[in-house]
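K.L.:
Sharing a model prediction with you, sequence too.
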Amino acid sequence: MTKKIFWSIMLAAGAVLAASLVVIMGCLYSYFSNIQGKQLQDELALAVAAVERNGKEYLEKVQPGQYRLTWVAGNGDVLYDTQSGGAGMENHADRQEIREALLNREGKSSRYSTTLLEKTLYYAQRLEDGSVLRISVSSVTVWVLVLGMIQPILIVITVALIISGILASRISHHIMEPLNSLDLERPLENDTYEEIAPLLNRINKQHRQIAMQMSELQRRSDEFAQITRGMTEGLVLLNEKNMIISINPAALKLFHAEESCKGKDFLIIERSPHVSHAIQDALSNGHSEIRIEREGKEYQIHVNRIESNGSVIGAVVLAFDITEAAYAERNRREFTANVSHELKTPLQSIMGSAELIENGLVKEEDMPRFVGHIRTEAERLVTLIEDIIRLSRLDEGNEMPFENVDLYEVAAEVTAGLNDAAAAANVKITLTGEKVNVKGVRRLLTETIFNLCDNAIKYNKDGGTVEVTVSRQEDHGVVTVKDSGIGISPEHQTRVFERFYRVDKSRSKESGGTGLGLSIVKHAVQYMNGKIDLHSTPGEGTDIQISFQENKIM
Amino acid sequence: MRSHFDEQLAMLNNELTQMGAMCEEAISVASKALTTGNVKLTDQVLSLDGEINHMERKIETLCLKLLLQQQPVAGDLRQISAALKMITDMERIGTQAADIAEIITFLDGRTGEECEYIRFMAEVAIQMVTESIDAFVKQDMVSADAAINRDDDVDHLFLQVKASLIKMIAERPTDGGYALDLLMIAKYFERIGDHAVNIAEWVVFSMTGVHKGEDL
């Protein structure tokens, strides 16, 4: 803009200068030629007077100089010429100035030389005797005048242009200075040309709008960041060129990446062909999902294409930790297989015995033994099914009302009930402790303690002991069942609570358990928000503790 | 013009990364096939090898096109020439993983558990390939150095494998063929380690312009 103003000023100055020069030159020229004409006329008048008096004599005395005097007779013949003497000159009757003088006493004309550089002015006057005296002078044309003055003109032009250049630059800077020093951050506080006030107002308005939009955007991105930061699922946003736009901390952890990976290619943090393939798949088909394993954990990765106005603008990668779900799924599969197996074994045995009886292969005296066998196997089946029903009830989490239960009382009932079984296995069962009230389901607690004690008796040594202790630890009611049995080796300790898990597969038959006892214990304790601790040393015994929050409000 | 060139360079990087990832996959599947005795996995290794070979051609074409059309200089030239060298090593890794897979099919499901060093070798070789590709992807000197330094481990493990296989043949001469197969597998793992070192060295070269261990 400064430049434009500068050039405008310069152009205007130049144009004005040129125009005034032209006008001045024109005026000067006409002024000079006017003066010249007048002088010529005066000279002529003097010469006429002299010629009238002295005739040719005068003319002969005139030195040929600037002026040239020609005396022409009335018929146009040249009588005398101060330059050439007049002899041999052609008839001048047809010359315009002569004709005019013959006609009107005075005449004038001007003729340009062929080069236009010279102009000859003629003035003629009729004398008393009818002849004509003509005076002529060669005068410079306007071009010669201009040429002659070119040096001063150029000097003037140069000086004028330099001055106007300096001025123009000063002026343009001066005009622009307030505009350049505008404070656009606070448009309304500027004190400048009123012409730009509407613009400043507009800028101010837009400033406010932008600020509002910015804070709105900031709020939204904060919101988004807050949400994604808290997510346990890994979330990565990619653009259509596979570049990372956004990545949350969970994903950073999963892919071992750093915050700086934003804006880089996703391949940099995860280059496994499966994942790349899944992303490509999602970009072309809209959705894909795969499972990957990372550091012993299993992740399910969903990739979804993002579209806007019908064109693909990126993809969302969502990674779920499905380790537990996968584990549960595996457990369920194992459970189904185990259940079928456990149900089938007694039935096979029943069928075998029944077939033998049917075919009459059983002797009369053996009959009670076979029928008894069928009964015990059927009994086992019933127990098993009852256990499964119990477990599935716990699984479904059907509401069972909590009540105030005295752990000692329950333990006493259970140990009393198991006295016979303990005696049969030659195991001594003892109960010590104090009254502790907890909030729980009496039936579940009975079952839990029963199962623990039952196991302690079953997996005991001949002449072993089972010590049941009810105690209060801090604000928890604790039941400890300690046996002197065969113990559980460390690799089995974590798995004994699984359904149908047996430490010694060959013992299932002789001990008569269903393999669900500890699983029921675990679920029941979980249902009542309790805790189980298992300590065991193989060959020395097992120590299982269950603890529940004490109920102090009676 | 330059931005088009940059795009092509980025594409080259991506494809190299993908090829590297395929190599990692090939060797880890091969090692899994060995340790689990799952012969079905070997097919996967062979098809990966095919893909790796295809990728090598593709990257080679791209590199030559870049050299011809863009006439790169300085860092760009180093990057492209290093890429040309790296794909050769990656292709060898893929082929050697396929060779391992082929030998596994002759093992009749035996898993080489008699010689635990061979498993260590597989682990170290996988680690080295991962580190060298990491070094390339992240332009990380530390990973490159780690891969280069691990080469001694593999060489040392190879000697241990050899010693234990000699002992095995001496104890059970009937397992001679099996022991030789294992020795070949170990040798392939050792070679894979060498190629991983080469890749890491090329990464260092493309970053610094100096070959490792070579003074100016």
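P.N.:
Cool, got the structure. Residues are numbered from 1 along each chain as shown, chains lettered A, B, ... in the order given.

K.L.:
Quick one: list the elements packing against the longest helix along chain B.
P.N.:
Looking across chain B with DSSP state H, the single longest helix is helix B:2-36. In this structure, helix B:2-36 packs against helix A:273-285, helix B:40-70, helix B:74-105, helix B:116-138, helix B:176-208, with contacts taken as 3 or more Cβ pairs under 8 Å, 6 or more residues apart in numbering or on different chains; DSSP states H and E. For glycine as for every other residue, the C-beta is placed from the backbone atoms N, C-alpha and C.

K.L.:
at 6 Å what do you get?
P.N.:
Under the contact criterion of 3 or more Cβ pairs under 6 Å, 6 or more residues apart in numbering or on different chains; DSSP states H and E, helix B:2-36 touches helix A:273-285, helix B:40-70, helix B:74-105, helix B:116-138.

K.L.:
which of those helices is buried the deepest?
P.N.:
helix B:116-138 (a mean of 23; mean count of other Cβ atoms under 10 Å in any protein chain shown).

K.L.:
Next, the angle helix B:2-36 makes with that one.
P.N.:
170 degrees (axes from the mean of the first three to the mean of the last three Cα atoms, to 10 degrees).

K.L.:
who's in contact with B:Leu48?
P.N.:
Contacts for B:Leu48 (Cβ atoms under 6 Å, 6 or more residues apart in numbering or on different chains) come out as B:Met22, B:Glu25, B:Ala26.

K.L.:
Make a markdown table from those residues and add distance to A:Tyr80 and neighbour count to it.
P.N.:
Formatted as a markdown table, these follow (distance: Cβ to Cβ, whole Å; neighbours: other Cβ atoms under 10 Å in any protein chain shown):
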| residue | distance to A:Tyr80 | neighbour count |
| --- | --- | --- |
| B:Met22 | 122 | 25 |
| B:Glu25 | 127 | 22 |
| B:Ala26 | 127 | 30 |
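
K.L.:
Closest to B:Ile80 out of those?
P.N.:
Taking Cβ to Cβ as the measure, B:Ile80 lies nearest B:Met22 of the contacts of B:Leu48, at 20.5 Å.

K.L.:
Name the SS class of the spatially most central residue of chain A, please.
P.N.:
Residue closest to the average C-alpha location in chain A (Cα atoms, centre = their mean): A:Ile245, at 6.1 Å. Here A:Ile245 is recorded as strand under DSSP: H, G, I helix; E, B strand; the rest coil.

K.L.:
cool, A:Glu399 as well?
P.N.:
Recorded secondary structure, A:Glu399: coil (three-state DSSP).

K.L.:
Please report how far it lies from chain B.
P.N.:
Computed with Cβ to the nearest Cβ, to the nearest Å, the distance linking A:Glu399 and chain B is 47 Å.

K.L.:
What about that residue, how many residues nearby?
P.N.:
A total of 6 residues lie near A:Glu399 under the criterion other Cβ atoms under 10 Å in any protein chain shown.

K.L.:
Counting neighbours, which bits of stretch A:385-395 end up buried?
P.N.:
For stretch A:385-395, burial by neighbour count (16 or more other Cβ atoms under 10 Å in any protein chain shown) applies to A:Asp387, A:Ile388, A:Arg390, A:Leu391, A:Leu394.

K.L.:
what separates the third one from chain B, distance-wise?
P.N.:
When you say that, I think you mean A:Arg390. A:Arg390 is 39 Å from chain B, by Cβ to the nearest Cβ.

K.L.:
Which of the helices or strands spans that residue?
P.N.:
helix A:367-396 (DSSP states H and E).

K.L.:
Which other helices and strands does that helix contact?
P.N.:
Looks like helix A:367-396 contacts helix A:323-358, helix A:517-527 (3+ Cβ pairs under 6 Å, 6+ apart).

K.L.:
pull the CA atoms of stretch B:18-25 into PDB?
P.N.:
Extracted in PDB, the C-alpha atoms of stretch B:18-25 (Å, rounded to 0.1, in the frame of the first residue of the first chain):
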ATOM      1  CA  GLN B  18       6.000 -53.600   6.600                       C
ATOM      2  CA  MET B  19       8.600 -55.900   5.100                       C
ATOM      3  CA  GLY B  20      10.500 -55.800   8.400                       C
ATOM      4  CA  ALA B  21       7.400 -56.700  10.300                       C
ATOM      5  CA  MET B  22       6.800 -59.600   7.900                       C
ATOM      6  CA  CYS B  23      10.300 -60.900   8.600                       C
ATOM      7  CA  GLU B  24       9.700 -60.700  12.400                       C
ATOM      8  CA  GLU B  25       6.500 -62.600  11.900                       C
END
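
K.L.:
need the contact list for whichever residue of chain B sits closest to chain A.
P.N.:
Closest contact between chain B and chain A, by Cβ to the nearest Cβ, is at B:Ala21 (3.8 Å). Under the criterion of Cβ under 6 Å, 6+ apart, the neighbours of B:Ala21 are A:Arg271, A:Ser272, A:Pro273.

K.L.:
out of the residues you listed, who's nearest chain B?
P.N.:
Once Cβ to the nearest Cβ is applied, the member of these that ends up nearest chain B is A:Arg271, at 3.8 Å.

K.L.:
Now that we're looking at the closest residue to that closest one other than its chain neighbours, what pLDDT does it have?
P.N.:
Once flanking residues are discounted, A:Arg271 sits nearest to B:Ala21: 3.8 Å by Cβ to Cβ, 6 or more residues apart in numbering or on different chains. Model confidence at B:Ala21, given as pLDDT, is 89.

K.L.:
ok, the residue nearest the centre of chain B - contacts?
P.N.:
Closest residue to the average C-alpha location of chain B: B:Ile93 at 3.7 Å, with Cα atoms, centre = their mean. Counting by Cβ under 6 Å, 6+ apart, B:Ile93 touches B:Cys23, B:Ile192, B:His195.

K.L.:
same thing but 7 Å
P.N.:
B:Cys23, B:Ile27, B:Val129, B:Ile192, B:His195 (Cβ atoms under 7 Å, 6 or more residues apart in numbering or on different chains).
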